[in-house]
Structure formats: structure tokens, C-alpha cells
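Peer 1: model this:
(2 chains)
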Number of protein chains: 2
Amino acid sequence: MKKYDIVIIGGGPAGVQSAISARNSNPDKSIALIRKEKVALVPCGIPYTLHSLKSVDEDIMPDTLLQKNNTDIIHGEVEGRDGKTLKLKDDSQIRFDKLILATGSVPIKPTIPGIDNDNIYILSKDYEYLKKMRAEVNTAQSIVIVGGGYVGVELADELAKKKIKVTLIEKMPGVLPTSVDPEFGHIIQKELENHGVNVITNVGVDGFSNSGKNIKVELENGDSCVADHVIISIGFKPDMGLARKFGLEVNDRFGIIVDEYMKTSDDDIFAAGDCVAKRSYLAGDFRSIMLASTAMSQGRLAGSNLFSINILKAFHGTLGSFATKVGNIAVGATGLTETRAREMKLEYCVGVAEGVDRHPAKLPKASKMNVKLIFAKNSHILLGAQVSGGDSVGECVNMLSVMIQKSMTDMEIDTLQIGTHPLLTPSPLAYGVINATVDAIMKWYH
Amino acid sequence: MKKYDIVIIGGGPAGVQSAISARNSNPDKSIALIRKEKVALVPCGIPYTLHSLKSVDEDIMPDTLLQKNNTDIIHGEVEGRDGKTLKLKDDSQIRFDKLILATGSVPIKPTIPGIDNDNIYILSKDYEYLKKMRAEVNTAQSIVIVGGGYVGVELADELAKKKIKVTLIEKMPGVLPTSVDPEFGHIIQKELENHGVNVITNVGVDGFSNSGKNIKVELENGDSCVADHVIISIGFKPDMGLARKFGLEVNDRFGIIVDEYMKTSDDDIFAAGDCVAKRSYLAGDFRSIMLASTAMSQGRLAGSNLFSINILKAFHGTLGSFATKVGNIAVGATGLTETRAREMKLEYCVGVAEGVDRHPAKLPKASKMNVKLIFAKNSHILLGAQVSGGDSVGECVNMLSVMIQKSMTDMEIDTLQIGTHPLLTPSPLAYGVINATVDAIMKWYH
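Peer 2: Okay, the predicted model is just below:
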């Protein structure tokens, strides 16, 4: 029987990050990572396997990171455990001293009549499934996407670039409904429409049926549309199968329960990533957020704190930092949206700014930029931010994420030293994040 | 005689920002801005008037910001004062209650034999001068640029894009010598060379002389080169003329002395921007740094604190946050470089990381990215950062600037929640800023 000091189950980003951090903190321990899949994909790259990448293979996460960190890769499926001995499907056994569960998430399959139609793909992270999907999509003329979250809008954007007729259906009143406020969802919706996508919101799907070789999608409002294929992308749910078998405490909807150091209810078992129940940064309630930003932070903590606490309490809940891009417009958010602040009954103040991400604005490639900031009304601390604009939105959101994590106030942001450059950023006189802060300050003080 | 509650002298970014902030803090006061120039230019856009912008006019800073903030623009040149009455060249007088000096900086003209040659341009911020320079440069076949700071490399890049034969001469061992460490200067130098620029470093200029219609540049090492024109870009010095006439305390080399609220030695006179003597963020010594990042922060403070202190002590010295771009590579820095840390005799630890700014790396437009971080050895606080890569470097430097201004430690950065996206940022598993932090951590703990 093989024995390892540290065993990680799951080959996605949280598993790989856990392995790297475990190696960094434990140069002399033996580490193995067990995964079911022959190859692991970059999850957020999956929409881009349809067009921007030349094949699904280009989205494979290289094993070099694990190899460089002296981690054995074991292809196999864990079925149960007996104390500290894991039992695999092929009857082999692996003994661990410390275990990290990074079992990730599985796609949600809606219970809609006709859902098992052959023309329906339920977007997954499986290499072979995605290869088949890519091949079929490549010859399609029309596709319906169900689900307008960020994966759904990215799929729509990729397919539109292929000149496929795309219809995107979102049950909520706008796209990205849980990630951003309606006005930012609207920016993305308009950009999709500008690129030829037919976006249908505020209506659910009633059923699927065959229509010759094609598939017919029936909507709740009586309308219907016909397409070559349907892709379902309504989200993922935590994979808690093993955690349950192992007798760990779980929340049935949100995932495995862990403490602030990513330790489960068993002292020798940690968990990180999509399979973990995550509380929101400010409200503290459980939230269905599955993002690399969270998974990486958790993977670092899990890997670093297995044998002793190396990194003090650092995960204060998920900020939901994310960015996406559709057509030529990127949108990102971190912390609270206004919608969520209202739901929480939080006293808040909003600051907004509009500008351009180059200066002078006549420079080539200048994009319009919008910033919306949510401050706590009494403590004047930044709680949330949303940005739209050009490609710099990605790092701009990370700057805002740092500001929230360091509880910056309006006055601190107002006098920040922000570097600017004509080809890279907005004008120093019209820097969106500062101007939106000033907008909030003006509402307070006058 | 006209009377204003607030008068600002100088129409550059620091002056305009002072006016905006003064208006925000004082909705009912009268404000005037006096400037010598008919139009004010965006200073950092000046190199781009040579090629990327279609004319110098495209670099004009619109007066709308002043108009929207109900600020009178007075074209005139202040020559002196009698108490709180300003005397202008045209014999008019303007009375102020509070005054802000934002007189900016003037180009340094080196004392090299032949410097007054007609074929030499000394890069200035003057609209008419730049128009003349642009017109002549447009027909040139070869140009020598003296000075390899960021303005010099930007000029070289712009002229290379015009297919002009460009020679860039820098006296120090590499380009951007005071802004970044040599390895980052080297990245920019190589990119300039890849675009056909002849970069000569470590040698000064001995003299200029006529060579037919052209100009000959003689170097200290005996070499020489001939070109249609020479552009001198060796830096700017604070314009303290008025401050001296007004009897304000100045440092002869670095500028007007101000307190932490931008108040000069006269209680009713404030100053902001290039004309102000600036201390470095950490060492506290005076530094010749003239950047929008600093000027904006000072303009906000000056404008907000004229009549009473609205923003508490917030300017803790200049971080020197900046970014620039040459060819396809951007470079930026904030806080201490390693060179400077060594000069300061500071105990430091360096972390570095190399990666790609998209993920998977096969995506189009992926650029190589380098990150170098300087941490305080004992307190583990981030003190400085340098980044090279694609266009996202601009906002990435601003994120790092926030981290320094909030005294973040290695452990805090290690567990940050950083949002990532295939088309916008590096992979979550290879995010340069975090990987460089881990590199520093590994040096400490093992």
C-alpha cells in the first residue's frame, strides 16, 4: 500500500494550488494528487475552447506545476476510506496523514421536460465531453444557450464570433443577474446584441422537443425557438459525494463545512475550492459562488496549514471578485453589488463615474469606462465595486478587491497615488475609481 | 479689481485638479485659474503628439472640467504680488483670499557646447513649440534623442513607428535608470532595439555642431552620429520663479516647501504638482519626481484644505507610481526599486515571478509578464514593485501601489482573493504578484 504524508483528491485549480502551497510549507513531505480525469482543464478557459482556442487540448492545464512541486499524480477514483486509508475503484489503497478534498463541482441539470434530448449539451468540465461538443458545435448553424451567467455570456460571445446564430435565454430580468447590478448586465447584453446574439430575458424554459433533426425550445411565455443544439449553462453545484461518504459535516446546498483554516469536521481532512461551503465576505451568509479567486485563496490556506498554522486566519469569506469579457467590453465586480446591499438592508452610499480608459481620449483603442462603488454609509468603507471598460478592467477589479480587503475609506481612496499613462489608463484627472469615490463623498458632505 | 475667494496659478493637471477639489469642498466660493498658455496640454500625452495622435491639438486638455466646476479661466501672467493682490503683466490686478501655486516645471537645458543649434529641440510643454517640432520631425529621416528616461523612450518609440532612424543616448548604464532596476530597463531597451532604435548607454554627449544641413552629436567616448534633428529630453525642474518673488520658502533644487496639507510658508498660499519639493514615500528625502500620480494627490489635498482641513494628513511622500509602454511591452513601478533600497541601506527581501498575462497561454495576445517585489526584511511589508507585460501593467501597478500605501505584508498578499479571466489576466495558478510574494516567502522561511 502506498503511503503519503499529504494526499489531495481533485486535479482542478484548487487541488493544484493546494499541492503547490503544501509543497512550499513542507519541503520534505511526500505529496500525491489523485484525480479521476486523464487530463485536467483550465475551467475558466472552457468557453474559449469553442473558438478562441484551436482545440480543447489547448485548454489542458499542464502537469508541470505538480511535477515541479514534486507531487505524484495518481489517476484513479477514490470510493471510500477506512480511517486514514483511501480505497480506490481499482481496489488499490493509499494511506494519508493529511488529506485535502478539492473535488470541485458538477453541472446542474435542470428538471425540464425533454432535458435528455440528444441535441442538448450540459456544459461540463470533462475533456472528452467537451471535445464531442466542440466538434458538433463547429458544424452548427444555430444554437440556444440556456443560462445568462458569465459562462453563458462567454459561450454566446464565442459562438457569435463563429457566425453561428445564437439565442441566449436567461430566466432573470437581465444577464449576469447574481454577479452585477442591472445597469452593468445591460452593458453586456447590449454588446452581445451588437454582435448578433438574440438575448431573451425574464422568461424560463418550459420544455425541449425534437423538431426534425433540430431541437425546439419552448418558453414559459408561449414563444419557442428552434436550433441545431442547446447548451445548458445554469451553474454548478458542489461535489460532496466523497465528503458525505467520509462522514464530514456538509451543508446540503452549499458544500463542505470548513473552519477559517479550511479544516473540515475531521482534524486530518481539509477542503478547498468549489466543493466548500463559502460565506460571503460581508454578510457572512452562505453563497453559491464558485470562482478561481476564492478557490486559490482557499487552496493556499489549506496547503499551508495542514500540520500547523502557518498563515493566520485570512479567509474572511468570498468577495466574489471576477471579470468577464464579451465582444470588446469587459465587466468585473468585487464585493457587494447594490442589489445585494439592498437585500442585506445595509445603509450604503453609491458613487459612480464615467470616463475613457486612455488619455487623451483621441488615442486609438480608447474604451468607455464605467465605475460604480458601494460604500458603507456610516463607516465610509468601500464594500463593493463594479467596472466596465477595456481589457484593463481585469486588473482594475483586483485593485478594488485589495481596497475592500484592506477596508479603505472614501478619503483614503480620494488621495491615493494612482499611476497613469496615455496608452494604459484613464487620465489622472478622470480616473474612474477616484471620481466615483468623489461622487460618493459629494453626496455625503453637501 | 477682480476679487476671488480662491485663485490658482497654473493650468496643468495639478492646477485643474486643485480647482476641481476646491470647488467640491467649497460650493459657494468664487474660483479663478490664471494661466499663461492659450491652451493647456495633457503633459503625458506630449510624446504621442508625434505619431499616435494626429496633431498637437488632439493633446489639448479640454477646459470643460474647469467650466463644469464653475472656475473662471484668466489668460495672463502673474508677475508679483502685494499682500493678497496679484499683479499681472498686463497691469491688471486680481485679489485672492486663498492662493494655490501650480506653476509646474520647465525643461532642463544642458550646458553642452553647441546646445543652441537650430536643429536642437528641447522638449517642452508649449503648444506652439510642439507644433513646430512636430512639423519638422514629420519630414525628418533621422533623429537623435538625448535622455533615456520614460519620456525619452516614449519619444523614441513614437519616432520609430514613423520609420525614422532613431538614436537614443542615455548617460547612465541603462534606460529608465532612476525609475526601474536594470533588468526592467533592459526589457525596454531590447524592445526599442527590436523596433529599430539604436540605443547608446553609459556615455554622455560632449557637443553639437553643424554637419551640412544636419547636426552632428559628439559623444564623450569619441564616437559621433549625424541626424536631421536632436531632441533633448533630460528632465524638468520645478518652476519656482513666482514662489521666490512671493517670498515663499523653497528648496533650490527640489521646489517649493509645503507641509502635509500642501500649505507653503505663507498660511494663505498652497502649492501642488511639479513645482513642489517632494519627499520619497519611505526614505523621506527630497526626490526629483514629477509624475501625475503625485500631482493629482497633491492637487486634491491643496484644493480640499484651503479654509479648513477636510482631508487629514494623507500625503506621506511620493511613491513614484508610473507606467510606460514601448512597442508591445509596458513597464511600471511603484515604491522602492532594489537599487534604491540598497542605496538606503535597507534590509530587504526580493521576490520575482515570470509568467504570461492570459490563460491558457495559447490565447491570442498573451504577453510575457515579469514581476519583482521588494519587501522589508523584518516587518515583511511590501515596499516596492516593478512589472513588465502587456497593457494590463498600468492597472496592475495601481493595485501594487494600493498594497504599498496600505502596508500589506507577504502573508496578506499570499491569501488575497484575486479575480482572473482568460482574456484579461494571468492564470489564478500563476498570478505574478502572488507568485513573486511566495518566492519572497520561500526565501525567508526555508
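
Peer 1: every contact and neighbour count from this point should use C-alpha atoms.
Peer 2: Noted.

Peer 1: my read: A:Ile34 touches A:Ile73, true?
Peer 2: Yes - between A:Ile34 and A:Ile73 there is a contact under Cα atoms under 8 Å: 6.0 Å.

Peer 1: those two - which one has more neighbours?
Peer 2: More neighbours sit around A:Ile34 than around the other of A:Ile34 and A:Ile73, counting by other Cα atoms under 10 Å in any protein chain shown; the figures are 22 against 16.

Peer 1: now for the host helix or strand of the more buried one, which elements pack on it?
Peer 2: Under the criterion DSSP states H and E, the helix or strand holding A:Ile34 is strand A:31-35. Based on contacts counted as 3 or more Cα pairs under 8 Å, 6 or more residues apart in numbering or on different chains; DSSP states H and E, the elements that strand A:31-35 packs against are strand A:2-9, helix A:13-25, strand A:71-75.

Peer 1: one more pass at 7 Å, please.
Peer 2: For strand A:31-35, the contact count by 3 or more Cα pairs under 7 Å, 6 or more residues apart in numbering or on different chains; DSSP states H and E identifies strand A:2-9, strand A:71-75 as packing neighbours.

Peer 1: need the ones you listed in CSV (columns: mean pLDDT).
Peer 2: Supplementary listing: the helices and strands packed on strand A:31-35 in CSV, determined by pLDDT from 0 to 100:
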stretch, mean pLDDT
strand A:2-9, 98
strand A:71-75, 98
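
Peer 1: check the ones you listed for me and report the most buried one.
Peer 2: With neighbours defined as mean count of other Cα atoms under 10 Å in any protein chain shown, the helices and strands packed on strand A:31-35 peak in mean count at strand A:2-9, which reaches a mean of 21.

Peer 1: on that earlier part again, okay, the helices and strands packed on strand A:31-35 in CSV with distance to B:Phe184 next?
Peer 2: As requested, the helices and strands packed on strand A:31-35 are exported to CSV (distance: least, Cα to Cα, whole Å):
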stretch, distance to B:Phe184
strand A:2-9, 38
strand A:71-75, 33
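
Peer 1: now tabulate those in TSV and tack on distance to chain B.
Peer 2: Converted to TSV, the helices and strands packed on strand A:31-35 look like this (distance: least, Cα to the nearest Cα, whole Å):
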stretch	distance to chain B
strand A:2-9	16
strand A:71-75	16
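
Peer 1: out of these, flag the one nearest B:Phe307.
Peer 2: Between B:Phe307 and those, the tightest spacing by Cα to Cα is seen for strand A:2-9, at 62.0 Å.

Peer 1: partners of the closest one in the sheet?
Peer 2: As defined by DSSP bridges, the strand partners of strand A:2-9 come to strand A:31-35 (parallel), strand A:93-101 (parallel).

Peer 1: A:Pro182: how many residues sit nearby?
Peer 2: When counting by other Cα under 10 Å, one arrives at 18 neighbours for A:Pro182.

Peer 1: okay, now the domains of chain A?
Peer 2: Structural domains annotated on chain A: A:2-106+A:237-304, A:109-234, A:331-445, as defined by automatic domain parsing.

Peer 1: still on that earlier bit, with mean pLDDT added, can I get the strands paired with strand A:2-9 in JSON lines?
Peer 2: As requested, the strands paired with strand A:2-9 are arranged in JSON lines below (pLDDT from 0 to 100):
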{"stretch": "strand A:31-35", "mean pLDDT": "98"}
{"stretch": "strand A:93-101", "mean pLDDT": "98"}
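
Peer 1: closest to B:Ser21 out of the ones you listed?
Peer 2: For the strands paired with strand A:2-9, distance to B:Ser21 was read as Cα to Cα. The smallest value, 52.6 Å, belongs to strand A:93-101.

Peer 1: A:Thr409 against A:Leu383, yeah?
Peer 2: No - judged on Cα atoms under 7 Å, A:Thr409 makes no contact with A:Leu383 at a distance of 9.5 Å.

Peer 1: okay, these two: which has more neighbours?
Peer 2: Neighbours per residue (other Cα under 10 Å) separate A:Thr409 from A:Leu383, with A:Leu383 holding more: 28 against 18.

Peer 1: the more buried one falls within a strand, correct?
Peer 2: Yes - note on A:Leu383: a strand contains this position according to DSSP: H, G, I helix; E, B strand; the rest coil.

Peer 1: for A:Asp63, see how far away it is.
Peer 2: When distance is defined by Cα to Cα, to the nearest Å, A:Leu383 is 38 Å away from A:Asp63.

Peer 1: just A:Asp223 next, same as before
Peer 2: Between A:Asp223 and A:Asp63 the distance is 47 Å, computed by Cα to Cα.

Peer 1: for stretch A:375-392, buried residues please.
Peer 2: When burial is assessed from 16 or more other Cα atoms under 10 Å in any protein chain shown, stretch A:375-392 yields the following buried residues: A:375-376, A:380-392.

Peer 1: can you tell me if it touches chain B.
Peer 2: Yes - residues of stretch A:375-392 are located near chain B by Cα under 7 Å from any Cα of the partner chain, namely A:Asp391, A:Ser392.

Peer 1: residues in contact with that stretch?
Peer 2: The contact list for stretch A:375-392, computed with Cα atoms under 7 Å, 6 or more residues apart in numbering or on different chains, reads A:328-337, A:347-350, A:367-374, A:393, A:400, A:404, A:407-410, B:392, B:395, B:424.

Peer 1: now the residue in chain A positioned nearest to chain B: which helix or strand?
Peer 2: In chain A, the residue found nearest to chain B is A:Met399; the distance is 4.1 Å by Cα to the nearest Cα. Taking DSSP H and E as the definition, one finds A:Met399 inside helix A:393-405.

Peer 1: tell me what the following helix or strand past that helix is packed against?
Peer 2: On the C-terminal side of helix A:393-405, the nearest following helix or strand under DSSP H and E is helix A:410-414. Using 3+ Cα pairs under 7 Å, 6+ apart as the contact test, the elements touching helix A:410-414 are helix A:432-445.

Peer 1: mind listing what's buried along the helix it packs on?
Peer 2: The neighbour-count check on helix A:432-445 (16+ other Cα under 10 Å) flags A:Gly432, A:Val433, A:Ile434, A:Asn435, A:Ala436, A:Thr437, A:Val438, A:Asp439, A:Ala440, A:Ile441 as buried.

Peer 1: how far off centre is it?
Peer 2: Helix A:432-445 sits 29 Å away from the centroid of its parent chain (Cα atoms, centre = their mean, to the nearest Å).

Peer 1: repeat for stretch A:11-28
Peer 2: Relative to the chain's own centre, stretch A:11-28 is displaced by 20 Å; criterion: Cα atoms, centre = their mean.

Peer 1: that one near chain B anywhere?
Peer 2: Yes - against chain B, stretch A:11-28 shows contacts by Cα under 7 Å from any Cα at A:Pro13, A:Gln17, A:Asn24.

Peer 1: now, of these, which are buried?
Peer 2: For the residues of stretch A:11-28 next to chain B, a neighbour count by 16+ other Cα under 10 Å gives the buried set as A:Pro13, A:Gln17, A:Asn24.

Peer 1: which stretches in chain A count as helices?
Peer 2: If DSSP state H is used as the criterion, the helices of chain A fall at A:13-25, A:64-68, A:127-138, A:150-161, A:182-194, A:241-245, A:292-304, A:338-343, A:393-405, A:410-414, A:432-445.

Peer 1: could I get those as JSON lines with mean pLDDT?
Peer 2: Listed next are the helices of chain A as JSON lines, based on pLDDT from 0 to 100:
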{"stretch": "helix A:13-25", "mean pLDDT": "97"}
{"stretch": "helix A:64-68", "mean pLDDT": "95"}
{"stretch": "helix A:127-138", "mean pLDDT": "96"}
{"stretch": "helix A:150-161", "mean pLDDT": "97"}
{"stretch": "helix A:182-194", "mean pLDDT": "98"}
{"stretch": "helix A:241-245", "mean pLDDT": "98"}
{"stretch": "helix A:292-304", "mean pLDDT": "93"}
{"stretch": "helix A:338-343", "mean pLDDT": "95"}
{"stretch": "helix A:393-405", "mean pLDDT": "96"}
{"stretch": "helix A:410-414", "mean pLDDT": "93"}
{"stretch": "helix A:432-445", "mean pLDDT": "93"}
